[in-house]
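Undergrad: output the structure for:
(one chain, ligands or ions: 1)
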Amino acid sequence: MDADFWHARWTANQIGFHEGKPNVHLEAHLDRLGLAAGARLFLPLCGKTRDIGWLLARGFRVAGAELSPLAVAQLFDELGVAPEIVPAGPLELHRAPSLDIFVGDIFTLSADRLGAVDAVYDRAALVALPAPMRRLYAAHLAAMTARAPQLLVCFTYDQTLAEGPPFSVAAEEVRALYGTAYRVDRLDTGPVPGGLRGKVPAQEDVWLLSRA
Ligand SMILES: C[S@@+](CC[C@H](N)C(=O)[O-])C[C@H]1O[C@@H](n2cnc3c(N)ncnc32)[C@H](O)[C@@H]1O
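TA: Model (predicted):
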């Protein structure tokens with residue numbers, strides 16, 4: 001998936017991945033990250049997820065990375081906040097109190113620019129990328145966040161029945177991508193109600209990655 005693919009999706013408002021409410025797995029498992037009040041979470045490939053508002057309302061600080069300026073404009077609109085926009089190397093930083101969204105390609109975001117984070121929450125980010133990019137992404141994410149603990153939500157399904165994104169990322173792949181840098185524990189697994197895109201049987205797995 002290249003940048004044009006995602007820009008076209010946002011321009012055409014083809015954003016079936018966007019949930020109109022906070023993610024149920026985030027609500028159920030956030031406490032497993034063991035975060036202190038005011039902790040800073042990083043949401044890679046964040047879109048305009050409602051999870052950001054939900055985390056801010058709970059007193060957390062949030063950083064995100066998102067390719068689409070349209071998505072980020074909608075995010076701030078829906079939060080009812082006007083961002084300050086400043087250059088950040090190859091990216092732009094759109095910021096507001098407790099919120100930093102880096103607009104541009106996550107692969108050009110460095111640890112220095114991101115700043116320290118206490119945890120990562122990946123919903124529909126790893127699974128948005130094709131296999132060769134997933135390897136680069138997982139290594140970049142671990143390095144950029146100094147292996148901060150991570151809550152990761154993945155889909156698994158028969159990849160011959162549908163094309164990604166979202167791609168199927170099975171347990172073996174999660175362990176191969178993250179098993180040397182983290183302790184990897186599956187917290188939850190269950191069927192996607194109605195299947196993927198309402199037709200392909202699929203399962204959702206929730207993973208906790210902790211510093212090994
Ligand atoms: C499947 S969506 C998930 C969005 C969000 N995590 C959610 O749960 O609604 C993937 C998002 O990643 C963004 N994206 C794709 N490639 C990216 C990249 N290289 N850097 C930053 N964002 C990217 C897309 O624009 C899209 O908004």
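
Undergrad: not counting sequence-adjacent ones, nearest residue to the residue nearest the centre of the chain?
TA: The structure's the chain has its C-alpha centroid closest to residue 122; by Cα atoms, centre = their mean the separation is 3.3 Å. Excluding the flanking residues, the one nearest residue 122 by Cβ to Cβ, 6 or more residues apart in numbering is residue 152, at 4.7 Å. C-beta here means a position set from N, CA and C on the backbone, and glycine is covered the same way.

Undergrad: for the one you found, phi and psi?
TA: The phi and psi values for residue 152, taken as degrees, to the nearest 10, are phi -130, psi 130.

Undergrad: ok, now residue 209?
TA: Per degrees, to the nearest 10, the backbone of residue 209 is at phi -110, psi 120.

Undergrad: just checking, it touches residue 145?
TA: No: Residue 209 lies out of contact with residue 145 (Cβ atoms under 8 Å); the separation is 10.3 Å.

Undergrad: which of the two has more residues huddled nearby?
TA: residue 209 (27 against 20; other Cβ atoms under 10 Å).

Undergrad: which neighbours do residue 209 and residue 145 share?
TA: residue 120 (Cβ atoms under 8 Å, 6 or more residues apart in numbering).

Undergrad: got the contact list for residue 19?
TA: 49, 50.

Undergrad: wait, residue 23
TA: 49, 50, 51, 123, 153.

Undergrad: who are the packing partners of the helix or strand where residue 86 lies?
TA: Residue 86 belongs to strand 84-88 when elements are defined using DSSP states H and E. Packed against strand 84-88 by the contact rule (3 or more Cβ pairs under 8 Å, 6 or more residues apart in numbering; DSSP states H and E) you find strand 91-96.
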